[in-house]
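J.: predicted structure and sequence below. I'll ask about it afterward.
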Amino acid sequence: MRRAVLALVAQGLAVEEAPAGIHGIGRVCRIRARKIYRALGAGEFFRRRRITSRDVLTRRLLALDYVLEHPRLPWLPTEVEKVAAFEALGIEPRILPQRTYRGAAGKIRRHFHLGLPLALDTGRAVFVYVDPGHETATALRAWGAAHRELWGLLRDRGHKIEVVAVTRTWEASSRAETVLGNWARAPRPSEHGAEIEREIEWIEGVIRSGDVSLIREVCGDIRGGLVRLAELRSQARRQSGRGLLHRVNAWQTERLRGRLF
């Protein structure tokens, strides 16, 4: 690998740099020749060739570390491949996580704009979140919210969904485990859930109204209404099912642990 890097640098196709603000990892090789990206079928990565902020570079390094440790997973490296894979499952691009950027050329919509690892085959989907060093779980929750509708559709199509949070430190790993654990335990909405919720709200409204004739017509009496509410709530719990996620995991790097700052 080192020999290949030196050859690229010697030909002017790549450059080695010591990233500002990040210490203890040596130099980073940045491939800057467009023709290499094209030859690999990864032209979209050309726009990401520059080293930007510390968080962005850290995220990329951690994502690469996880992929290198799991080479047998069917990774979808580019935005085009990710979108095409979900379209093949009948999932429209509007469902996918996305962000719109404004530039000189106008608005550009990017799906999976963070460029995080994603693997997909006929029965399993692996989504990887990377924490570059955030001190809160806010970003992880926002990322999960952006994916939740997609996860629901994948599960409906029979896919097992795994979510991995890649971290550098024990503290970040602990935060991620708490959030992921809550997601895995969260009830999955059932097909009849909305109908049950509407009936619960209706009966609650009837009882709150205090209209004796309406209560008698709908519930028989207040006790009958309370009994029906208890039955509906029990039914909702039974039908809620499991969480959307089949497996969650907080994965802590070995190569980059505690060495970046």
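T.: Perfect, thanks for sending it.
J.: any low-confidence regions in this structure?
T.: Applying pLDDT under 70 to the chain picks out residues 1, 5, 15, 18-26, 32-33, 37, 39-52, 186-194, 235-243, 258-261.
J.: 50 - rerun?
T.: Low-confidence segments of the chain, defined by pLDDT under 50, are located at 46, 240-241, 261.
J.: and it, what are its domains?
T.: Residue ranges for the domains of the chain, per automatic domain parsing: 74-188+243-252, 193-236.
J.: most packed of these?
T.: domain 74-188+243-252 (a mean of 16; mean count of other C-beta atoms under 10 Å). The C-beta positions use only the backbone N, C-alpha and C, and glycine is treated the same way.
J.: what separates Val9 from Val28, distance-wise?
T.: Val9 is 12 Å from Val28, where distance means C-beta to C-beta, to the nearest Å.
J.: list residues touching both of these two?
T.: Glu16 (C-beta atoms under 8 Å, 6 or more residues apart in numbering).
J.: returning to what we had before: Ser53: which of the domains of the chain is closest?
T.: With distances scored as C-beta to C-beta, the stretch of these nearest to Ser53 is domain 74-188+243-252 (9.0 Å).
J.: what is the end-to-end distance of that closest one?
T.: Domain 74-188+243-252 has an end-to-end distance of 21 Å (C-alpha to C-alpha, to the nearest Å).
J.: now do the one helix or strand Ala230 maps to: which elements does it pack against?
T.: According to DSSP states H and E, Ala230 maps onto helix 222-239. In terms of contacts (3 or more C-beta pairs under 8 Å, 6 or more residues apart in numbering; DSSP states H and E), helix 222-239 is packed against helix 193-209, helix 212-219.
J.: how distant is the next helix-or-strand element following that helix from the center of its chain?
T.: With elements assigned by DSSP H and E, the helix or strand that comes after helix 222-239 is strand 247-252. The chain centroid and the centroid of strand 247-252 are separated by 13 Å under C-alpha atoms, centre = their mean, to the nearest Å.
J.: mind listing residues that contact strand 247-252?
T.: Contacts for strand 247-252 (C-beta under 8 Å, 6+ apart): 66, 160-170, 173-174, 176-177, 180-181, 183-184.
J.: let's see it at 7 Å
T.: By C-beta atoms under 7 Å, 6 or more residues apart in numbering, the surrounding residues in contact with strand 247-252 are 66, 162-167, 173, 176-177, 180-181, 183-184.
J.: and what of stretch 204-219?
T.: Taking C-beta under 7 Å, 6+ apart as the rule, stretch 204-219 contacts Ile203, Asp221, Ile222, Gly225, Arg228, Leu229.
J.: among those, which one sits closest to Arg60?
T.: Within the set of the contacts of stretch 204-219, Leu229 lies nearest Arg60; the separation is 52.2 Å, counting by C-beta to C-beta.
J.: just the contacts of strand 247-252: which are in strands?
T.: Glu162, Val163, Val164, Ala165, Val166, Thr167 (DSSP state E).
J.: could you double-check that the second one lies in contact with Val179?
T.: No. In this structure, Val163 sits apart from Val179 without contact. The criterion is C-beta atoms under 7 Å, and the distance is 9.7 Å.
J.: what about the strands in the stretch 1-150 of the chain?
T.: Taking DSSP state E, counting those that start in this stretch as the criterion, the stretch 1-150 of the chain carries its strands at 14-17, 28-31, 98-103, 106-111, 118-120, 124-130.
J.: same list (those) but as CSV, adding distance to Ala4.
T.: Listed next are these as CSV, based on distance: least, C-beta to C-beta, whole Å:
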stretch, distance to Ala4
strand 14-17, 9
strand 28-31, 9
strand 98-103, 33
strand 106-111, 30
strand 118-120, 25
strand 124-130, 25
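J.: and Ala10, how close does it get to Lys35?
T.: In terms of C-beta to C-beta, Ala10 sits 16 Å off from Lys35.
J.: my error: substitute Glu69 in the last question.
T.: 30 Å.
J.: for Ala165, list the residues it contacts.
T.: Tyr129, Asp131, Leu140, Ala176, Leu180, Ala250.
J.: His111 versus the nearest residue to it once chain neighbours are set aside, what's the distance?
T.: Once flanking residues are discounted, Ala165 sits nearest to Ala176: 3.6 Å by C-beta to C-beta, 6 or more residues apart in numbering. Per C-beta to C-beta, Ala176 is found 24 Å from His111.
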